[in-house]
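Undergrad: give me a 3D structure for the following:
(chains A, B, C and D, ligands or ions: 6)
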Number of protein chains: 4
Amino acid sequence: MTTGVWLVGGRGSVAVTSLIGALAMRAGLAGPTGCVTELPEFAGAALPALTDLVFGGHDVASVPLVKKAESLADAGIVPASLVRALDEELALAEHELRPVPSEGGQAEAAAQMAADLTAFRERHGLRRVVVVNVATTEPVVTPNPAHADLDALEAELSGGGAVLPPSSLAAYAAFQAGCSFVDFTPSTGARLPALDQLALQRAVPYAGHDGKTGETLVKSVLAPMFAMRNLRVRTWSGTNLLGGGDGANLAEPGPNAAKTASKQKVLQETLGYLPQGTTRIDYLEDLGDFKTAWDLVMFEGFLGRSMRMEFTWHGCDSALAAPLVLDLARLTSAAHEAGYSGALTELAFFFKDPLGAVPHGLADQWRMLCDFADGLRDAPGNAGEPK
Amino acid sequence: MTTGVWLVGGRGSVAVTSLIGALAMRAGLAGPTGCVTELPEFAGAALPALTDLVFGGHDVASVPLVKKAESLADAGIVPASLVRALDEELALAEHELRPVPSEGGQAEAAAQMAADLTAFRERHGLRRVVVVNVATTEPVVTPNPAHADLDALEAELSGGGAVLPPSSLAAYAAFQAGCSFVDFTPSTGARLPALDQLALQRAVPYAGHDGKTGETLVKSVLAPMFAMRNLRVRTWSGTNLLGGGDGANLAEPGPNAAKTASKQKVLQETLGYLPQGTTRIDYLEDLGDFKTAWDLVMFEGFLGRSMRMEFTWHGCDSALAAPLVLDLARLTSAAHEAGYSGALTELAFFFKDPLGAVPHGLADQWRMLCDFADGLRDAPGNAGEPK
Amino acid sequence: MTTGVWLVGGRGSVAVTSLIGALAMRAGLAGPTGCVTELPEFAGAALPALTDLVFGGHDVASVPLVKKAESLADAGIVPASLVRALDEELALAEHELRPVPSEGGQAEAAAQMAADLTAFRERHGLRRVVVVNVATTEPVVTPNPAHADLDALEAELSGGGAVLPPSSLAAYAAFQAGCSFVDFTPSTGARLPALDQLALQRAVPYAGHDGKTGETLVKSVLAPMFAMRNLRVRTWSGTNLLGGGDGANLAEPGPNAAKTASKQKVLQETLGYLPQGTTRIDYLEDLGDFKTAWDLVMFEGFLGRSMRMEFTWHGCDSALAAPLVLDLARLTSAAHEAGYSGALTELAFFFKDPLGAVPHGLADQWRMLCDFADGLRDAPGNAGEPK
Amino acid sequence: MTTGVWLVGGRGSVAVTSLIGALAMRAGLAGPTGCVTELPEFAGAALPALTDLVFGGHDVASVPLVKKAESLADAGIVPASLVRALDEELALAEHELRPVPSEGGQAEAAAQMAADLTAFRERHGLRRVVVVNVATTEPVVTPNPAHADLDALEAELSGGGAVLPPSSLAAYAAFQAGCSFVDFTPSTGARLPALDQLALQRAVPYAGHDGKTGETLVKSVLAPMFAMRNLRVRTWSGTNLLGGGDGANLAEPGPNAAKTASKQKVLQETLGYLPQGTTRIDYLEDLGDFKTAWDLVMFEGFLGRSMRMEFTWHGCDSALAAPLVLDLARLTSAAHEAGYSGALTELAFFFKDPLGAVPHGLADQWRMLCDFADGLRDAPGNAGEPK
Ligand SMILES: NC(=O)c1ccc[n+]([C@@H]2O[C@H](COP(=O)([O-])OP(=O)(O)OC[C@H]3O[C@@H](n4cnc5c(N)ncnc54)[C@H](O)[C@@H]3O)[C@@H](O)[C@H]2O)c1
Ligand SMILES: NC(=O)c1ccc[n+]([C@@H]2O[C@H](COP(=O)([O-])OP(=O)(O)OC[C@H]3O[C@@H](n4cnc5c(N)ncnc54)[C@H](O)[C@@H]3O)[C@@H](O)[C@H]2O)c1
Ligand SMILES: NC(=O)c1ccc[n+]([C@@H]2O[C@H](COP(=O)([O-])OP(=O)(O)OC[C@H]3O[C@@H](n4cnc5c(N)ncnc54)[C@H](O)[C@@H]3O)[C@@H](O)[C@H]2O)c1
Ligand SMILES: NC(=O)c1ccc[n+]([C@@H]2O[C@H](COP(=O)([O-])OP(=O)(O)OC[C@H]3O[C@@H](n4cnc5c(N)ncnc54)[C@H](O)[C@@H]3O)[C@@H](O)[C@H]2O)c1
Ligand code: NA
Ligand code: NA
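TA: Ligands and ions are numbered 1, 2, ... in the order given. Next up, the predicted model:
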């Protein structure tokens, strides 16, 4: 099942790391460490093979893929040897990247993006195309009545209105082109009632949002541990130091607010109450794509005894995110194939701020994901082997 | 359902903290923080009420309960105000403690212990008695052919042989007296084929072993997290600094080996392989009952990228252990009531080194425990409310 | 040499902990751990004996001393047994506390404060009185031309102007009454040219400012270590989590800015450049008087190799500050006696943001302090033994 | 002043990193980060210029220098670009490495080593040669009467005895050849009375021992901080996880004991007492040349209040050690030139276990080092500029 993966923000760190990884695995130069869908639980689940993925994308930047890949190697995110070995493949991939349409109003831009997606599908004879948003995080969006209803939205757009943030415009274009959509960022993306209506109308699924790769991942196993032991978490305070393009952007008050809010939900949801404390994001240019998070948890045990736990997480963000982008593309495409449409709440495992009223504890999300994969395996059209 | 809890090591820190907590909750002076069986998942599961527990025990030491309670308060393990408020109840509890029988051979000792248990049951009109081993950890036991078979064991004992370590003798006496048994320590306890036969013969259940309260608890959620994300743990190295009576003993090579071995199993079982690194236990008198564990985890992600996580756990061991002792007593007694016998593998959630071929990930153990509680709730004799 | 110690903020945590400690040492109930001036280096340095200190103070609050002492004991800052043993002494000390004068303008308030100081000196026949500001941190002060010159200041005050922040008014009153002054807080205090002129005119010394008790103390030894090894610190990022009255106040933007600015100076001064990164202060009610600071230092070594260090500091702020308050009172009083006047730059060792162009590395400050003590020892009036 | 640096263990990580760094600085490809003697305090101190150093060495291994350099680059210790740029220089340096003489007895081996040194000096017209031991750490040496006296030692050696460990034989050969000696390892080296006599007889200085690069460096500033503040350190417990060739060797009980003993001295010396706790070294192959140390310090403050500090140090050992090797070579050579002989206690700053009754606090050692450099600057033969 040849499947297209269209990356919005296709010249960014996460996108290019995903691409290098997929090319390296296809060439037999790397194993699937970090790829969830390569675990035994997903065998035979009718997913497109990693080697059957074809990549394209939009970006507002124009840095050549090979340059970006080299800078990822210099920064220690991907091995330099891989970048050297894959230079021809990267040069080919370059041809599948398009600038974000900027002329005309939002209606014209959306039409152009949809046309790019359709051309990509036809050029490669793809059965399915998944659009994955890995572009820069946007500020929290200004509410607009047109967001609540598809008709109102269409009216606004055809009247020349510019009411959608870029991530939502990308989702709109994807749905119009019959593509499924994954929002890996905290941006609004498909999370507007009007877009949900459109997705259901076009019978395409969408997943999101905000890839769970570091501190929140750890929280999603530790917070349930405290809950299961009936220990009362009094304070949970986190500091995230990060560099890279994403870090610089998140240091802006708008995106920062979007991201830190999404980082606290897991505590409320898994503990049943919100402990004192905040999560901070600070930008340290020098950290590059590496993130250091420090969390202090103070909790109360038997007879009021106060205790504490600390952890430090030192992760390479793009290396953590990239395999999940591949996982999400495979799973969303398979869901599309199996007839799912609208919000894919079953993929909560991958997200900081998952869609729907779903559990936030990782173990529960894992079970939900495995059940979902079992369902795909048993779906009518599945011959039992990845196609 | 009035239930007896007989604590082997009844003058130790864990035992006395459990006792103070149960008395405090009965008097309405403390809430159930740390008690797993007070979570909503256990409502209506036919457990004896916390306020229906009656305590007794064996110990080789003779420090008065009130003295021990005061020293726990001085050390900050229990509030001094509680100890003052409960001094009468503690003085009463003192009467239920017995010295460990030391005259005659092991057969005589066992008979005396069983007699102590029977007298305790009759004195208080108890429906069930659970024996919980919270005595000092023993060195790893020397294998003996009599351990493998009940007949051989009985023959040895009646011939005057002393082939059982004290924890196993306690289990033997418990079973003979028709009591269930919980091994909260890493000692051998009931884990001998001969004793398993006896438990089945007498239709009593037993649970164990080694209460999971600190570093291993954290490992049991973090290791599955790495596994679910297909991240490869290269090294996992832990240092445990602990004081207290238990710490002094665990610094001895024999018990230390028993304990550290039980601490590494969770990695092998949840990851499917054993990473490099060891777990050390060091004794620092000054730490008292507080334990500081530091763990370093180095793992490999996408395309071989190396990353790391560290955590520090600063817990009060007796405060973490005591509510679990109460949980285990309630659950084991209810299991006895519901007709369970032999190894209670369903209680793996509570143990570092659980009985049976069970999962070591905390979330899976939690699910197993909840299913078990559901089963108790639906058991024929359960009127639907704790009696 | 009976010496008065007048605490501005005399009912606060630092003040009352200092008082309890001094009373406990006088009664032989506690040793001098944490008191720098009890180290061998200060033997014979003509300091007033710890047991010769007499306490009084101003506060805007009216919580009784004994109540405050009990709450310090409940919070684990001072031993409950000490508070019980000292209740009579604390009741006596209560009589030496005065409300902060609030009627009339600043001139009247200053006159009343000076009168309180004079009465205190006479009541106890004190040779010297040191005023120590341990009141709540003020917001950064608004500049005013009257701050720059004593005559202008006197004119403003006598014209009914209210141009001084409370901490500076306290310094003004102290100088008027012939008392030396220590500013233990980041507030403005004596650090105005007009007040410096007054101190010189009255021949009294003053010291400050902002007691160095936690993260900055550690920085003041670690930063020089990196400098001496020619290692380049790229980023130094700190998070301070603190509770207590001080914490609540420092979470306010004004005082927070004052405090964090004073915390970064040590890096600029000892490294010779300012690395990336900030120091944050977050308020967590639950921490009470305990502070947890976490610092991440990323540095570059030979051939550009990047390395890192982290530390966590978990200190009890009042317990760290209180003995320094006693040290500063003794040293400032002795300096007064020895004829020092104006800024006592020799006491930089004790402060986050020391007066004068002094070294910020702790070892250099220590040497300066020891030289100063040597000077006191050799001063003409010193008989060679503490009087 | 062209100066020879003869590295015992010349194919090891520290040696080759030193060499690469010196060559890179000479070629203008790298700056002096990490080189203490490049700080302003050493300007004009009559040190040989970094660019005037010529390298040679002994090793029992035969891995080619270029290979070793490449493996250092792969491990991230030195930049790959430097290794590529310096391949010719490395190939030239290869010619100056000699196998450790192994034929005949120790007398013959020493004579051969001395001959190697003399030939090296003559081949390059070197004014001074410093021998620096950076070979594998040896087990603690067995005492032998011949160690106590030079005559006895000479008698033993000429009688065919093999009484010296390799590090001491290297020192013996160095002294015989009129070379100064630096022991960068915890091995015995020159620290035998017999060898001290020989050094004095030949009028050559020697320095040592055990380069201070990580945890002990941090201890040497933190322990004095606690002492200066009169805070009582109750426990200081350290865990060192290290990989690399050195790590594998230190995991052996013999060398481990040598190293951990040398790591605890700093506490005894700077605090005046030895707190509870030990320092452990564990080998984790995966860490390569990177070391992670975690230390927990529990201390007592005012009125007995217990507090704690933790730190994690994540350093690249060879990158930390290499510039110090260059510093030591420069300083020891200059001391030789200035007429020093015997133990160079002034260089304590660089060592975990310094020679002589010297301070162990880093700041005091720094002052001693700066005074020493001042002395060199003022030495009769110094024209005021590095020659
Ligand atoms: N790396 C992680 O662990 C992780 C986890 C969760 C979410 N995310 C999110 O993933 C996104 C990508 O992160 P990154 O590190 O690759 O950032 P990056 O800055 O390296 O890349 C973002 C790319 O998006 C492009 N872009 C910006 N606006 C665009 C637009 N309107 N349309 C198309 N392209 C646009 C930029 O030019 C850039 O190439 C961020 O939003 C980040 O918050 C990352
Ligand atoms: N606290 C925890 O978090 C935790 C977790 C897992 C296991 N455990 C285990 O629980 C046990 C108790 O720990 P503790 O901190 O209370 O220790 P403790 O030293 O305070 O108490 C042990 C008690 O056992 C008594 N004892 C010794 N030998 C005995 C015997 N043969 N028969 C009867 N009594 C005997 C001792 O006299 C003492 O009173 C230890 O084995 C420990 O390893 C504790
Ligand atoms: N504890 C430390 O480690 C440390 C270190 C450096 C500086 N400090 C400073 O010491 C000061 C005291 O800290 P704390 O923890 O005792 O705080 P606290 O809140 O317990 O006490 C402050 C006291 O000052 C009183 N006060 C407020 N305004 C006043 C005024 N105008 N005149 C007189 N009294 C006034 C308050 O009523 C209170 O009793 C703070 O400014 C703090 O920043 C503390
Ligand atoms: N790196 C640091 O931070 C640091 C700090 C203090 C001390 N040291 C010491 O420096 C030494 C070198 O460390 P490394 O990491 O380079 O180790 P390494 O294993 O990389 O190198 C040691 C070299 O010594 C050689 N060797 C062994 N026995 C020898 C002998 N008898 N004569 C000559 N050569 C011999 C080995 O073949 C090897 O090439 C060790 O003793 C280590 O303990 C290192
Ligand atoms: Na830590
Ligand atoms: Na840490």
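Undergrad: how far off centre is stretch A:325-343?
TA: 13 Å (CA atoms, centre = their mean, to the nearest Å).
Undergrad: quick one: mean pLDDT over it.
TA: Across stretch A:325-343, the average pLDDT comes to 97.
Undergrad: how about it and chain B, touching?
TA: No - figure legend: stretch A:325-343 not in contact with chain B (CB under 8 Å from any CB of the partner chain); closest approach 9.1 Å. Where you see a C-beta, it was placed from the backbone N, CA and C, and this is true even at glycine.
Undergrad: and for stretch A:226-240?
TA: Yes - Stretch A:226-240 reaches chain B (CB under 8 Å from any CB) through A:228, A:229, A:230, A:231, A:232.
Undergrad: need the residues you listed in TSV (columns: secondary structure, neighbour count and pLDDT).
TA: Shown next, in TSV, are the residues of stretch A:226-240 next to chain B (DSSP: H, G, I helix; E, B strand; the rest coil; neighbours: other CB atoms under 10 Å in any protein chain shown; pLDDT from 0 to 100):
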residue	secondary structure	neighbour count	pLDDT
A:228	helix	23	96
A:229	coil	26	96
A:230	coil	19	96
A:231	coil	25	97
A:232	strand	19	97
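Undergrad: closest to residue A:355 out of those residues?
TA: Among the residues of stretch A:226-240 next to chain B, residue A:228 lies closest to residue A:355 (CB to CB), at 25.1 Å.
Undergrad: not counting sequence-adjacent ones, nearest residue to that closest one?
TA: Spatially, and ignoring its direct neighbours in sequence, residue A:228 is nearest to residue B:366 (5.2 Å; CB to CB, 6 or more residues apart in numbering or on different chains).
Undergrad: local confidence estimate at the one you found?
TA: 97.
Undergrad: and if you look at residue A:261?
TA: With respect to pLDDT, residue A:261 has a value of 70.
Undergrad: so it belongs to a strand, correct?
TA: No - counting by DSSP: H, G, I helix; E, B strand; the rest coil, residue A:261 is not part of a strand but helix.
Undergrad: what is the burial count for it?
TA: Here the number of neighbours of residue A:261 (other CB atoms under 10 Å in any protein chain shown) works out to 14.
Undergrad: repeat that for residue A:272.
TA: Around residue A:272 there are 10 residues (other CB under 10 Å).
Undergrad: quick check, it in contact with residue A:226.
TA: No - with contacts defined as CB atoms under 8 Å, residue A:272 does not count as touching residue A:226, sitting 10.8 Å away.
Undergrad: all strands for the stretch 1-150 of chain A, in order.
TA: A:3-8, A:53-59, A:97-99, A:128-133 (DSSP state E, counting those that start in this stretch).
Undergrad: nearest to ligand 5, of those?
TA: When the strands of the stretch 1-150 of chain A are compared by CB to the ion, strand A:128-133 sits nearest ligand 5, at 35.5 Å.
Undergrad: quick one on the thing from earlier: thought residue B:348 was touching the residue nearest to residue A:228, still the case?
TA: No - Residue B:366 sits out of contact with residue B:348 when judged by CB under 8 Å, with a separation of 9.6 Å.
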